[in-house]
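Enquirer: mind folding the following:
(chains A, B, C and D)
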Number of protein chains: 2
Amino acid sequence: MEQRHADRIAEQLEELVFDGTFSDGDRLDEVRLSEQFGVSRTPLREAIQRLAQSGLVELIPRRGAFVRQPGPVELIEMFEVMAELEAACGRLAAMRISETALEALRQANTLCQQAVEAGDTDSYYAENERFHKIIYRSSGNAFLEQEATKLHKRLKPFRRVQLRFRGRMGQSMAEHEAIVAALAAADAEAAAAALRTHVAVQGEKFHNLMASLRSAAE
Amino acid sequence: MEQRHADRIAEQLEELVFDGTFSDGDRLDEVRLSEQFGVSRTPLREAIQRLAQSGLVELIPRRGAFVRQPGPVELIEMFEVMAELEAACGRLAAMRISETALEALRQANTLCQQAVEAGDTDSYYAENERFHKIIYRSSGNAFLEQEATKLHKRLKPFRRVQLRFRGRMGQSMAEHEAIVAALAAADAEAAAAALRTHVAVQGEKFHNLMASLRSAAE
DNA sequence: GTCAATAGTTTTGTATACAAGAATTACAGG
DNA sequence: CCTGTAATTCTTGTATACAAAACTATTGAC
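Expert: Predicted coordinates:
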């Protein structure tokens, strides 16, 4: 069955918001966007409703739909929630993970390590994402997996900045090893703590970068 | 500024799904609903897009919008996530809560106790909700507060069933006391554990009721 | 030069029309 | 009576039209 225009456009608009093509406060011009997507305003408006529901745009009645990129405070808060969700995944996974999944985690880590040594940032990120997705899945809670995946996707554009800090990939590898060890030992609290710290460090690096950029701008 | 039809209808449809007026699998008939709401199909369809984005309905292209009420497994998963979110709120609140908020928690608990003694279920629930909302707020993380509030609202229709179990309100009161004590002591781990257990018990009672209803139906 | 009022333009919200796909109903044949 | 096919009806998805609100530009008065 062919996908509805509204669904396709909602996906594409979401990507444009995520990748920064639309900046905070940009107004989504219905006429121009419907021309750009080659459709009438109806499916475009339905797509915009989707984004409004997700909080990516804010609808102001009779004035327009305005893009909402999270500010620094909100981003810190989102990383904080991401840390808690990953900790929850870790806690549950420690009790529920299979040997197959544990082995897949080790494999993803090995590939991460190889990417670090090769200086291959894209491979590093791909395997890193696979690592986390396995943990989400291993929580055995589809709803939690869905929530974690959704927030992980939202934060993806902001996550790469941590690589600007010297030695972060190596540090991340060590944190990954600690996570796998805790999961292998079925240590729920250790797994939760390791994941919480791992993700909280990402948020912290981001915060530090924002602070340093702000200092440089002054 | 007058609210848009689409926004008003989305809110009302959401309530109808939450309170069970629409059952799982019901198809939302666009023509009938637009007549019922006294509008054209356009704002009704825009409202349905909102619900589809929230997962309350599933859109099947060219076939319709079907209501999705969570099944027992998904409910258990949602309660599990609620427990983790509340634990996260508790952990952060233990470090961030104000004396004013602590006092408000104690007051809400006192009113809960009075409601228990009076057998006043509605007051009990109102104060119980106030208790939890204070903790969400005291986490000092607006994004976490928003996520916890959203899930709390989604699970509200299923939460009352736990009262069917003998002594649950009294037990809940004791759990509330433990939560307040942990927050007052700024004990992050104790607050998190107490809240996690408190909410997990709700999910467990619900699960037990479903099981007993199933046994009675056989 | 500034401010207010008015006129014109643009944009949004909703109603309606129409086409296509899905579902239902009716009819015919075995 | 059952099954298959065709016709009809219903529902959804999208296009377009129109009205109202918001925004912008222009003009006149002080």
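Enquirer: just the buried residues of the lowest-mean-pLDDT helix or strand in chain A, please?
Expert: None of the helices or strands of chain A scores lower by mean pLDDT, DSSP states H and E than helix A:188-217, at a mean of 82. Neighbour-count burial for helix A:188-217 flags A:188, A:190-203, A:205-206, A:210 (criterion: 16 or more other CB atoms under 10 Å in any protein chain shown). Any C-beta I mention is one placed from the backbone N, CA and C, and that applies to glycine too.
Enquirer: which element is A:Phe66 on?
Expert: Using DSSP states H and E, A:Phe66 falls within strand A:64-67.
Enquirer: please save the CA atoms from that strand in CSV.
Expert: Only the C-alpha atoms of strand A:64-67 are listed here, as CSV (Å, rounded to 0.1, in the frame of the first residue of the first chain):
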residue,chain,number,x,y,z
GLY,A,64,1.7,29.8,12.1
ALA,A,65,3.7,26.8,13.1
PHE,A,66,7.1,27.7,14.6
VAL,A,67,10.0,25.3,14.9
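Enquirer: by contact count, what packs against the helix or strand that that strand is followed by?
Expert: Sequence order places helix A:72-96 as the next helix or strand after strand A:64-67, per DSSP H and E. In terms of contacts (3 or more CB pairs under 8 Å, 6 or more residues apart in numbering or on different chains; DSSP states H and E), helix A:72-96 is packed against helix A:121-138, helix A:142-159, helix A:168-184, helix A:188-217, helix B:72-96, helix B:142-159.
Enquirer: what is the burial count for A:His5?
Expert: The local packing of A:His5 (other CB atoms under 10 Å in any protein chain shown) involves 18 other residues.
Enquirer: list the residues that contact it.
Expert: A:37, A:39, A:43, A:47 (CB atoms under 8 Å, 6 or more residues apart in numbering or on different chains).
Enquirer: closest to A:Glu74 out of those?
Expert: Minimum separation from A:Glu74 among these (CB to CB) is found for A:Ala47, which lies at 23.4 Å.
Enquirer: contacts only, for the closest one.
Expert: Per CB under 8 Å, 6+ apart, neighbours of A:Ala47: A:5-7, A:9-10, A:13, B:49.
Enquirer: what parts of chain A come near DNA strand C?
Expert: Within chain A, the positions near DNA strand C by CB under 7 Å from any atom of the strand are A:1, A:27-31, A:41-42, A:45, A:59-65.
Enquirer: so which of those are in strands?
Expert: A:59-60, A:64-65 (DSSP state E).
Enquirer: now which of these would you call buried?
Expert: For these, buried by 16+ other CB under 10 Å: A:59, A:65.
Enquirer: could you dump the ones in strands among the residues of chain A next to DNA strand C to JSON lines with pLDDT?
Expert: Below are those laid out as JSON lines (pLDDT from 0 to 100):
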{"residue": "A:Leu59", "pLDDT": "96"}
{"residue": "A:Ile60", "pLDDT": "94"}
{"residue": "A:Gly64", "pLDDT": "94"}
{"residue": "A:Ala65", "pLDDT": "96"}
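Enquirer: okay, the ones in strands among the residues of chain A next to DNA strand C in TSV with distance to A:Leu85 next?
Expert: TSV is the format used below for these (distance: CB to CB, whole Å):
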residue	distance to A:Leu85
A:Leu59	27
A:Ile60	31
A:Gly64	33
A:Ala65	28
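Enquirer: looking at the ones in strands among the residues of chain A next to DNA strand C, which one is closest to B:Thr100?
Expert: Out of these, the member with the shortest distance to B:Thr100 (by CB to CB) is A:Ile60, at 33.6 Å.
Enquirer: hang on, isn't that closest one packed against A:Phe66?
Expert: Yes: A:Ile60 is within contact range of A:Phe66, at 6.6 Å (criterion: CB atoms under 8 Å).
Enquirer: for A:Ala142, which non-adjacent residue is closest in space?
Expert: Ranked by CB to CB, 6 or more residues apart in numbering or on different chains and with sequence neighbours excluded, the top spatial neighbour of A:Ala142 is B:Glu77, at 5.9 Å.
Enquirer: kindly report the same for A:Ala52.
Expert: Distances taken as CB to CB, 6+ apart place A:Leu59 nearest to A:Ala52, at 4.7 Å, with adjacent residues excluded.
Enquirer: over to A:Tyr125?
Expert: Excluding its sequence neighbours, the residue lying closest to A:Tyr125 (CB to CB, 6+ apart) is A:Arg160, at 7.2 Å.
Enquirer: run a quick neighbour tally on that neighbour.
Expert: A:Arg160: 11 neighbours (other CB under 10 Å).
Enquirer: what sits against the residue nearest in space to the middle of chain A?
Expert: Centroid-nearest residue in chain A: A:His152, 2.4 Å away (criterion: CA atoms, centre = their mean). Counting by CB under 8 Å, 6+ apart, A:His152 touches A:82, A:129, A:132, A:136.
Enquirer: what about chain A, any weak spots by pLDDT?
Expert: Under the criterion pLDDT under 70, the flagged ranges of chain A are A:1, A:163-164, A:213-218.
Enquirer: okay, domains of it per the record?
Expert: Annotated domains of chain A cover A:5-67, A:72-217 [automatic domain parsing].
Enquirer: those into a markdown table, with extra columns for distance to B:Cys89?
Expert: Converted to a markdown table, those look like this (distance: least, CB to CB, whole Å):
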| stretch | distance to B:Cys89 |
| --- | --- |
| domain A:5-67 | 19 |
| domain A:72-217 | 9 |
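Enquirer: between the two ends of stretch A:158-171, how far is it?
Expert: End-to-end distance for stretch A:158-171: 18 Å, by CA to CA, to the nearest Å.
Enquirer: what does it rub up against?
Expert: A:75, A:116, A:121, A:124-125, A:201-202, A:205-206, A:208-209.
Enquirer: how many residues are close by A:Gly71?
Expert: 11.
Enquirer: what of A:Ile134?
Expert: 21.
Enquirer: ok, A:Arg166 next?
Expert: A:Arg166 has 8 neighbouring residues, counting by other CB under 10 Å.
Enquirer: again with A:Val67
Expert: 20.
Enquirer: correct me, but it touches A:Leu28?
Expert: Yes: assessed by CB under 8 Å, A:Val67 is found in contact with A:Leu28 at 6.8 Å.
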